[in-house]
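> pasting a predicted model and its sequence here:
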Amino acid sequence: MKRFRSILAFSLLLFPIAISSLMAQDNLKVKGILYSSHLPVEINIKEGYISSIRPIKNESEKENLPIISPGFIDVQVNGYAGVSFTDDGLTVEGIRSAMEGLWKEGVTTFLPTIITASEETAIENLQTLSGSLKDLNIAKSIPGFFLEGPYISPIDGFRGAHNAEFVRPPDWNEFSKFIEASDQHLIKVTIAPELSGSMDFIDQCVANNIMVAIGHHNANAAQIHEAAAHGARISTHLGNGCANTIHRHDNPLWPQMADDRLTPTIIADGFHLTPDELTVFYKVKGVDNLMLISDITELAGMPPGEYDWNGKKVLLTPEGKLRLPELDVLAGASFSIRKGIGNMMKFTGCSLEQAIQMASTNQAKMFGWNDRGSIEVGKRADLVLFNVKNSEVMVEKTIIAGEVVYNK
Ligand SMILES: [Zn+2]
C-alpha cells in the first residue's frame, strides 16, 4: 500500500477539494429543491443545526436550484484515493485526506473499515483512527469504526479478498483489545456465524453495544437464524463475500433474504450485483430494510491499471471494476455511494427519495445517529446539494454541521 502514498499527491491534484470554509459559520441559508417533496425551499441553519425550512414563493428564486438531501452515510469505507484504513502506515493526515475526498462525493458520515489483518495492525490502526477524532472536523464525519473480519470464513470465495493468513475464529479477549485501542469507537463488526464461539461472541457484542453483521460466511439456515436471534442485525454486502457456485437450496442467500431481522447492506456499483439481484433485494427487503454501502477502497479515485495489493495483483478497469485475478474475486469497489444512488433508481425504478433513504436515513436509524439522516428542524445540518443527469448524482456542494466542506 505504501507505494500508493507517492501517488496520493497526484490523485489529490486530480480531485481538488474546495473547502470554502472550515471556520465556524453561525448562520447559513441554503436554497434547493427538497429531495422528498420536490418543493423549492430555503433551509436556515443556526450553529450547525437546521432552524427552519421555508417554502420559496418568489418565482425568480426557484430557477436553477439544485436538489437538496441529507448527507450520504456510508457504513463501509475501506479507504479512498491512496489511503487504506488497513494499511500498516495509516496516518491522521491519510484519514483526513480520505475524508475530504469523500466529502466531494456527498458523504458526510462514514465508518472507516479495517479488514482482516494481524492483531498488531488492527490495534495500531484503531489507535490511529481514535487519535484522529481529536480533530473535531474528523469527529463530525466519523462516528465510529468497523472491523470486517478477521472472524470470517477461511474458505476461498466466501473469504473474498481477505488475507487467508490472518483469518481466525471469534475471540472476545482479542476483540476487547480492539475496543480498547479504538477508545470505545469500534461500533460494528462482521463475523461468520458458522465459526465456533460465534453465538457467545454475538452476545458479548450486543451487551457492549457493538452492531453485529454477518458476512463472508457459509453458514447454514439454522446458524443464520440463530445469529439473528442472538442479535445480529445486518447482512454485510449481501450477494457478495460468497462463493461463485452454491447449492440451489442450501446456500447462505435464501435464509438472509427470508429473515426480517437482517437488514442487508448492498453494493450498487453495477459490478458487485446484477440489476436483477438489486431488484430482488429491493423487492424482498423493502426500502426501509436495505442500506447502500460503497465498500470503496484506496484504489478509488486512481487511474485504471494494475496495482499491488498486499502482495497480490489487482486490476482496476477503465469502467471502475476492481478485480483480484488470482482468486477470481472482486477486491472492493471504486465508486462511492453516490454512484449507488443513481444505480438504484436506474435498476430498480425506485424514487430519488427512496434511494436517499437507503443511502442515509436507514443508516442513521440503524446506528442511532438521531441528529442526522433527514432534513428536519433540529437536525444537524448535514446536507448535499446536487443535480441528477441520466441517473447520475452530480454533487455541487456538501455541508456538514452547517459548514460548507465542499463547493464544486
Ligand atoms: Zn467484504
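It's in.
> could you list the low-confidence segments of the stretch 51-200 of the chain?
For the stretch 51-200 of the chain, applying pLDDT under 70 flags no range at all.
> do a quick rundown of the strands in it.
67-70, 72-77, 79-80, 83-84, 107-115, 145-148, 186-191 (DSSP state E, counting those that start in this stretch).
> in what helix or strand does Val206 lie?
Per DSSP states H and E: Val206 is located in helix 198-207.
> can you tell me what sits against that helix?
Here helix 198-207 makes contact (CB atoms under 8 Å, 6 or more residues apart in numbering) with 151, 169-172, 175, 189, 191-193, 211-212, 223, 226-227, 230-232. In short, each C-beta sits where N, CA and C put it, glycine included.
> filter those down to the ones in helices?
172, 175, 223, 226-227, 230 (DSSP state H).
> most neighbours among those residues, which one?
Ala227 (30 neighbours; other CB atoms under 10 Å).
> my read: it touches Ile214, true?
Yes - with contact defined as CB atoms under 8 Å, Ala227 counts as touching Ile214 (5.3 Å).
> shared neighbours, the two?
In contact with both Ala227 and Ile214: Pro193, using CB under 8 Å, 6+ apart.
> spell out, range by range, the strands that occur in the stretch 251-400 of the chain.
Under DSSP E, counting those that start in this stretch, the stretch 251-400 of the chain gives strands at 263-267, 291-293, 305-309, 312-316, 322-324, 329-330, 383-389, 392-400.
> okay, those strands in a markdown table with distance to His38 and mean neighbour count next?
Shown next, in a markdown table, are the strands of the stretch 251-400 of the chain (distance: least, CB to CB, whole Å; neighbours: other CB atoms under 10 Å):
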| stretch | distance to His38 | mean neighbour count |
| --- | --- | --- |
| strand 263-267 | 26 | 25 |
| strand 291-293 | 21 | 29 |
| strand 305-309 | 42 | 15 |
| strand 312-316 | 37 | 17 |
| strand 322-324 | 36 | 21 |
| strand 329-330 | 36 | 21 |
| strand 383-389 | 12 | 21 |
| strand 392-400 | 16 | 21 |
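> how about these in a markdown table, adding distance to Ser36 and mean pLDDT?
Below are the strands of the stretch 251-400 of the chain laid out as a markdown table (distance: least, CB to CB, whole Å; pLDDT from 0 to 100):
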| stretch | distance to Ser36 | mean pLDDT |
| --- | --- | --- |
| strand 263-267 | 21 | 98 |
| strand 291-293 | 17 | 98 |
| strand 305-309 | 40 | 89 |
| strand 312-316 | 36 | 90 |
| strand 322-324 | 33 | 89 |
| strand 329-330 | 33 | 83 |
| strand 383-389 | 13 | 97 |
| strand 392-400 | 15 | 98 |
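> export those to TSV and tack on distance to Ser52?
Below are the strands of the stretch 251-400 of the chain laid out as TSV (distance: least, CB to CB, whole Å):
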stretch	distance to Ser52
strand 263-267	33
strand 291-293	30
strand 305-309	48
strand 312-316	45
strand 322-324	44
strand 329-330	45
strand 383-389	14
strand 392-400	16
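> closest to Ile375 out of these?
Closest to Ile375 of the strands of the stretch 251-400 of the chain, according to CB to CB: strand 383-389, at 7.0 Å.
> and the contacts of that closest one?
The contact list for strand 383-389, computed with CB under 8 Å, 6+ apart, reads 30, 32, 43, 66-72, 106, 108, 342, 345, 352, 375, 393-399.
> how is the chain divided into domains?
2-8+70-372, 18-68+390-407 (automatic domain parsing).
> how far off centre is the longest one?
Think domain 2-8+70-372. 6 Å (CA atoms, centre = their mean, to the nearest Å).
> Leu28 should be in a helix, yeah?
No - applying DSSP: H, G, I helix; E, B strand; the rest coil, one finds Leu28 to be strand, outside a helix.
> any idea what it is bridged to?
Beta-bridge partners recorded for Leu28 (DSSP bridges): Ile45.
> just to revisit the earlier point, which among the strands of the stretch 251-400 of the chain is found nearest to Ile155?
strand 329-330 (12.0 Å).
> please name every helix or strand in contact with the closest one.
strand 322-324 (3 or more CB pairs under 8 Å, 6 or more residues apart in numbering; DSSP states H and E).
> just the buried residues of stretch 179-197, please?
Residues 179, 181-182, 185-195 are the ones in stretch 179-197 that count as buried (16 or more other CB atoms under 10 Å).
> can you list the strands of the stretch 51-200 of the chain in a markdown table and add distance to Ala258?
Listed next are those as a markdown table, based on distance: least, CB to CB, whole Å:
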| stretch | distance to Ala258 |
| --- | --- |
| strand 67-70 | 31 |
| strand 72-77 | 23 |
| strand 79-80 | 34 |
| strand 83-84 | 35 |
| strand 107-115 | 27 |
| strand 145-148 | 24 |
| strand 186-191 | 20 |
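> and the helix or strand that Ile50 is a member of, what's buried?
Assigned by DSSP H and E, Ile50 falls within strand 49-55. Of all the residues in strand 49-55, those buried under the rule 16+ other CB under 10 Å are 50, 53.
> quick one: list the elements packing against that strand.
strand 40-46.
> report the angle between the strand it packs on and strand 392-400.
30 degrees (axes from the mean of the first three to the mean of the last three CA atoms, to 10 degrees).
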